[in-house]
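Enquirer: no sequence on this one, just coordinates:
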């Protein structure tokens, strides 16, 4: 019986560790996009691609504030590119 209890606890924690890893990786990717935001040498297209990819592939386990912020940044850069092309 003790073996089954230990096995059960191991299975529960090992499944949880995987999700923590995903959340951590997704947060790191968000921080990478944030770092790009503050570097004027990085082209706007790279910044847009970073936010677009984050929204497509890295939102699991992230809070709504981060998702909303990423959408706002993508919209901001999209508008900036359109304005620079028009003028």
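Expert: That came through fine. All values derive from a computational prediction rather than experimental measurement.
Enquirer: lowest average confidence, helix or strand, in this protein?
Expert: helix 2-37 (a mean of 77; mean pLDDT, DSSP states H and E).
Enquirer: Following element in sequence after it, please.
Expert: From helix 2-37 onward toward the C-terminus, using DSSP states H and E, the following helix or strand is helix 44-57.
Enquirer: who touches that following helix?
Expert: For helix 44-57, contacts defined as CB atoms under 8 Å, 6 or more residues apart in numbering pick out 26, 29-30, 32-33, 36-37, 67, 70-71, 73-74, 77-78, 80-81. All C-beta spots, glycine's among them, are computed from the backbone N, C-alpha and C.
Enquirer: to the chain's geometric centre, what's the distance from it?
Expert: A distance of 9 Å separates the centroid of the chain from that of helix 44-57, by CA atoms, centre = their mean, to the nearest Å.
Enquirer: Residue 69: how many residues sit nearby?
Expert: 16 (other CB atoms under 10 Å).
Enquirer: Taking helix 44-57 as reference, get the angle to the helix or strand hosting it.
Expert: The secondary structure element spanning residue 69 is helix 64-86 (assigned by DSSP H and E). Here helix 64-86 runs at an angle of 150 degrees relative to helix 44-57 (axes from the mean of the first three to the mean of the last three CA atoms, to 10 degrees).
Enquirer: so what secondary structure elements neighbour helix 64-86?
Expert: Under the contact criterion of 3 or more CB pairs under 8 Å, 6 or more residues apart in numbering; DSSP states H and E, helix 64-86 touches helix 2-37, helix 44-57.
Enquirer: for that helix, the distance to its chain's centre please.
Expert: On CA atoms, centre = their mean, the centre of helix 64-86 falls 15 Å from that of its chain.
Enquirer: Can you give me the buried ones in that helix?
Expert: The neighbour-count check on helix 64-86 (16 or more other CB atoms under 10 Å) flags 66, 69-70, 73-74, 77 as buried.
Enquirer: Identify the residues contacting it?
Expert: Under CB under 8 Å, 6+ apart, the answer for helix 64-86 is 30, 33, 37, 44-45, 47-48, 51-52, 54-55, 59.
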